[in-house]
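[1] Curious how this folds, go ahead:
(2 chains)
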Amino acid sequence: MLSVKNLVTTFQTRQGSIKAVDNISFDLPKGSTLGIVGESGSGKSVTALSIMRLIPKDTGKILQGDIIFNGQNITTLTESGMRGMRGNKISMIFQEPMTSLNPVFTVGNQIQETLILHQQLSLQQAQKKAIELLQMVGIPSPEKRIKDYPHHLSGGMRQRVMIAIALACKPDILIADEPTTALDVTIQAQILDLLKNLQKELAMSIIMITHDLGVVAEFCDDVAVMYCGKIIEKAPIHQIFAQPQHPYTQGLIKSIPTFHPEKSHEQRLSTIPGTLPPFHEIPSGCSFQNRCQYAQEACKGLQGTPPLALAAQAHWAACFYPLHPKTHQD
Amino acid sequence: MDLKTYILRRLLHTIPIIIGIATLIFFIFNIVGGDPALTLLGKYAKAKQIASLRHEMGLDKSLFLQYIDLLKSIFTFDFGKSWHTKQNIITSLKESGWISFTLSFPPFIISCALSIIIAMVSAFYRGQFLDKTLVLISIILMSISILSYILLFQWFFAFKLDWFEIAGYDKGFPNFISYILLPGIIIIFLSIGSDIRLYRTILLDEINQDYIRTARAKGLSEVSVLFKHVLKNAMIPIVTNLITQLPFLFLGSLLIENFFAIPGLGNFIVTAINTSDFPVIKAVTILSAIVFVLFNLLTDIIYTILDPRVKL
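    Numbers count the residues shown, from 1 in each chain, chains lettered A, B, ... in the order given. Presented below is the predicted three-dimensional model:
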């Protein structure tokens, strides 16, 4: 369905050109869900915007790599060809439901816009469809709500409207960029449930970008962990939680808060020391070496950057010393 | 609250504002400023002359009665006659205000349309050569003094090339058009630079909003993103800027009208100040205050139309 190969996206900054996405590859089979996990600034959103080809033209560009969607390389598609994809075959929802809808147009208008653009519906047809879509995403009395402006709705409702817009043309792929980060926990669960049900109903693939491993565990089939623009670990969901290979992934999993009332006073939440290095200060060798408790001489650049290699079955890790190595012979 | 009730309420609110303005003006003219009769007649005037002029002007009445006279003149819209021209003030104001308006309204509309279009082109090609060139040109236009424009254009276009009249005015239609062309062009040059810069900034501000990213993610073309999603949001600050300029269409430009000898309101006011024509100055001060209050109301009403988040 979607296959990203050796994608490199660069941005021009005052410190020179940086690789916000550095040679990443992944596949997204039909109907499956891929989670992309990482800290802020690890390149998750840039990956998503690269697939949408919405990288700001003045500062960034896709330097190399292919993004194959249904046999078609969308990195070489014309701008108007790409516009036919966006919102139609590949849709995206964003982190900020409060600001992602245009404040001066009604909710209905903003949903109809996509339908009129991609499906050439008349205004009446689009209006009818918009009501159906609002119903589908669980908004009560949709025939009244389509006349509302975004500021009439709560954050959760706005995110539902965003989902309705994104799914209006039944896309093959939905990219969800931290769709629940800005929402209350109870609303988060509702939105995730909604996405899960709609995924089944529409048989679409989802790329779920998040920094919340809880969301990943609940939602995804496969996970790619990103660090400094690179995928450093990629595996099916159960494997990554059971046997993380990369020390960074292990650190992320350990830092998920757990609830044990009887021993909460003796157990402190584990953290990964340090922060993501700025892009122009990424060390040679393994980019995680300065924060890694297992780092050895080999990680410091003499043997180059650790490649993303098979560490166990279907389990890829970019680490010279994976934590749970397993060969195929086992 | 519906629009009608809102407008009515706001109009009622303007009454105390106008009374406040009138009181302030009364203090400035009658108490802080000296005796106008004395000012007019000069220091060699005889006591009898002064007394009769004071009577003529109503200055021998008590302050309270004079104050009531002022309020009465506001609500009856009758400010009496000019001391200088001996003509009815409201008639003169209407006449010269209309001249100012015909002079400044067409350039206002043209520069408004031009600056929005150029700002949109600039925003569309943001960061590229065309954008940088347009910004440079608008900074140059902004930086040149009004006097340089007037002198340069009068000398070059009117004197050297003889395309326009150098100065003067003719009230008949269509004769007056030939007189307002050159000052009109100068008015456009004066306002367009800063307007382009302001509108470009407003548009770029909108272009970076999250909902513009959403619009692009829907597959809309850059042109429809710009014309639908960006422009409607940008119109809110743009219209605010435009409405604040509206009162000046009537008040006219002092310098332009003087240099081009156009008998507009700006010229009228300068003459009134030069000749200590107090009734005219009073009338103009009060009327322009009222005009500003009304245009503020208009701004608020237009907001409610442009921005659904604004409630009455």
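
[2] Ramachandran angles for residue 147?
    By default, I'm working from chain A. Main-chain torsions, A:K147, degrees, to the nearest 10: phi -90, psi 0.

[3] My question was about chain B, not that one.
    Dihedral angles for B:L147 - degrees, to the nearest 10 - are phi -70, psi -40.

[4] quick one: contacts for it?
    By Cβ atoms under 8 Å, 6 or more residues apart in numbering or on different chains, the contact list for B:L147 reads B:L255. (Glycine included, C-beta is placed from N, CA and C.)

[5] ok, it to B:N258 distance?
    To B:N258, B:L147 is 11 Å away according to Cβ to Cβ, to the nearest Å.

[6] again with A:R53
    For A:R53 relative to B:N258 (Cβ to Cβ), the value is 58 Å.

[7] Tell me which of the two has more neighbours.
    Each of A:R53 and B:N258 has its neighbours counted (other Cβ atoms under 10 Å in any protein chain shown); A:R53 has more, 20 against 17.

[8] how near is the more buried one to A:L276?
    26 Å.

[9] What ranges does the stretch 101-250 of chain B have for its helices?
    B:129-143, B:146-153, B:175-207, B:210-217, B:222-224, B:231-245, B:247-251 (DSSP state H, counting those that start in this stretch).

[10] Quick one: closest of the ones you listed to B:A272.
    Across the helices of the stretch 101-250 of chain B, B:A272 has its closest neighbour in helix B:247-251 (12.9 Å, Cβ to Cβ).

[11] buried residues in the closest one?
    B:248-251 (16 or more other Cβ atoms under 10 Å in any protein chain shown).

[12] what does stretch A:154-168 give?
    For stretch A:154-168, by 16+ other Cβ under 10 Å, it's A:156-168.

[13] ok now it, how far from the chain's centre?
    Here stretch A:154-168 is found 17 Å from its chain centre; the criterion is Cα atoms, centre = their mean, to the nearest Å.

[14] Can you give me the domain assignment for chain A?
    Domain ranges of chain A: A:2-220, A:247-328, per automatic domain parsing.

[15] Out of those domains, which one sits most buried?
    Comparing those by mean neighbour count (mean count of other Cβ atoms under 10 Å in any protein chain shown), domain A:2-220 ranks first with a mean of 19.

[16] Alpha carbons of the lengthiest helix in chain A, in PDB - could you do that?
    As assigned by DSSP state H, the longest helix anywhere in chain A is helix A:185-202. Extracted in PDB, the C-alpha atoms of helix A:185-202 (Å, rounded to 0.1, in the frame of the first residue of the first chain):
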ATOM      1  CA  VAL A 185      -7.600  11.500  28.900                       C
ATOM      2  CA  THR A 186     -11.300  10.400  28.700                       C
ATOM      3  CA  ILE A 187     -11.700  12.200  25.300                       C
ATOM      4  CA  GLN A 188      -8.400  10.600  24.100                       C
ATOM      5  CA  ALA A 189      -9.800   7.100  24.700                       C
ATOM      6  CA  GLN A 190     -13.000   8.100  22.800                       C
ATOM      7  CA  ILE A 191     -11.100   9.500  19.800                       C
ATOM      8  CA  LEU A 192      -8.900   6.400  19.700                       C
ATOM      9  CA  ASP A 193     -11.900   4.100  19.800                       C
ATOM     10  CA  LEU A 194     -13.500   6.100  17.100                       C
ATOM     11  CA  LEU A 195     -10.400   5.900  14.900                       C
ATOM     12  CA  LYS A 196     -10.200   2.100  15.500                       C
ATOM     13  CA  ASN A 197     -13.800   1.500  14.500                       C
ATOM     14  CA  LEU A 198     -13.600   3.700  11.400                       C
ATOM     15  CA  GLN A 199     -10.400   2.000  10.400                       C
ATOM     16  CA  LYS A 200     -12.200  -1.300  10.300                       C
ATOM     17  CA  GLU A 201     -15.300   0.200   8.600                       C
ATOM     18  CA  LEU A 202     -13.300   1.900   5.800                       C
END
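
[17] Quick check: what element follows it along the chain?
    Next along the chain after helix A:185-202, taking DSSP states H and E as the criterion, comes strand A:205-210.

[18] Which other helices and strands does whatever helix or strand comes next after that next one contact?
    Downstream of strand A:205-210, the next assigned helix or strand under DSSP H and E is helix A:213-219. For helix A:213-219, the elements it packs on are strand A:33-37, helix A:185-202, strand A:205-210, helix A:237-242, judged by 3 or more Cβ pairs under 8 Å, 6 or more residues apart in numbering or on different chains; DSSP states H and E.

[19] Tell me the gap between stretch A:133-148 and the middle of its chain.
    On Cα atoms, centre = their mean, the centre of stretch A:133-148 falls 27 Å from that of its chain.

[20] Give me the secondary structure label for A:G65.
    strand (DSSP: H, G, I helix; E, B strand; the rest coil).

[21] List the residues that contact the residue nearest to it when sequence neighbours are not counted.
    Counting by Cβ to Cβ, 6 or more residues apart in numbering or on different chains, the nearest residue to A:G65 once its immediate chain neighbours are dropped is A:L7, at 3.6 Å. Contacts for A:L7 were tallied using Cβ under 8 Å, 6+ apart; they are A:21, A:23-25, A:47, A:50, A:62, A:64-67.

[22] quick one: which of the residues you listed is nearest B:Q154?
    A:I62 (56.2 Å).

[23] beta partners of that closest one?
    A:T9 (DSSP bridges).

[24] any idea how far the one residue in the stretch 1-150 of chain B that gets nearest to chain A is from B:K43?
    Per Cβ to the nearest Cβ, B:G127 is where the stretch 1-150 of chain B lies closest to chain A, at 4.3 Å. Applying Cβ to Cβ, the value for B:G127 to B:K43 is 67 Å.

[25] neighbour-wise, which of the two wins?
    B:G127 (12 against 6).

[26] can you tell me which residue is nearest the centre of the chain?
    Using chain A. Taking Cα atoms, centre = their mean, the centroid of chain A lies closest to A:I209, which sits 2.1 Å from it.

[27] Chain B is the one I meant
    Central residue of chain B (Cα atoms, centre = their mean): B:F248, at 0.6 Å.

[28] That one - nearest residue in space that isn't next to it in sequence?
    B:F248's closest residue in space is B:S104 (Cβ to Cβ, 6+ apart), at 7.2 Å.

[29] And for the one you found, the neighbour number?
    Counted with other Cβ under 10 Å, residues neighbouring B:S104 total 27.

[30] Is B:L24 within a helix or a strand, and which one?
    helix B:3-27.

[31] what does stretch A:202-210 contact?
    A:1-2, A:28-37, A:44-45, A:47-48, A:51, A:167, A:170-181, A:195, A:198-199, A:215-216, A:219-220.

[32] Would you mind measuring from B:I290 to B:T23?
    Taking Cβ to Cβ, one finds B:I290 at 14 Å from B:T23.

[33] Next: B:D170.
    Here B:D170 is placed at a distance of 42 Å from B:T23 (Cβ to Cβ).

[34] Then B:V121?
    From B:V121 to B:T23 the distance is 50 Å (Cβ to Cβ).

[35] ditto for A:V21
    The gap separating A:V21 from B:T23 is 68 Å, by Cβ to Cβ.

[36] cool, and B:K48?
    Distance, B:K48 to B:T23, by Cβ to Cβ: 33 Å.

[37] State whether A:K234 is indeed within a helix.
    No. In this structure, A:K234 is strand, not part of a helix, as judged by three-state DSSP.

[38] what are the bridge partners for it, then?
    When bridges are called by DSSP bridges, A:K234 pairs up with A:A224, A:W316.

[39] quick one, what contacts it?
    Applying Cβ under 8 Å, 6+ apart to A:K234 gives the contacts A:26, A:222-225, A:308, A:315-317.

[40] Ok, B:S138 next?
    By Cβ under 8 Å, 6+ apart, the contact list for B:S138 reads B:118, B:192-194, B:196-197.

[41] rerun that using 10 Å as the cut-off
    B:115, B:118-119, B:122, B:192-200 (Cβ atoms under 10 Å, 6 or more residues apart in numbering or on different chains).

[42] Cool, thanks, signing off.
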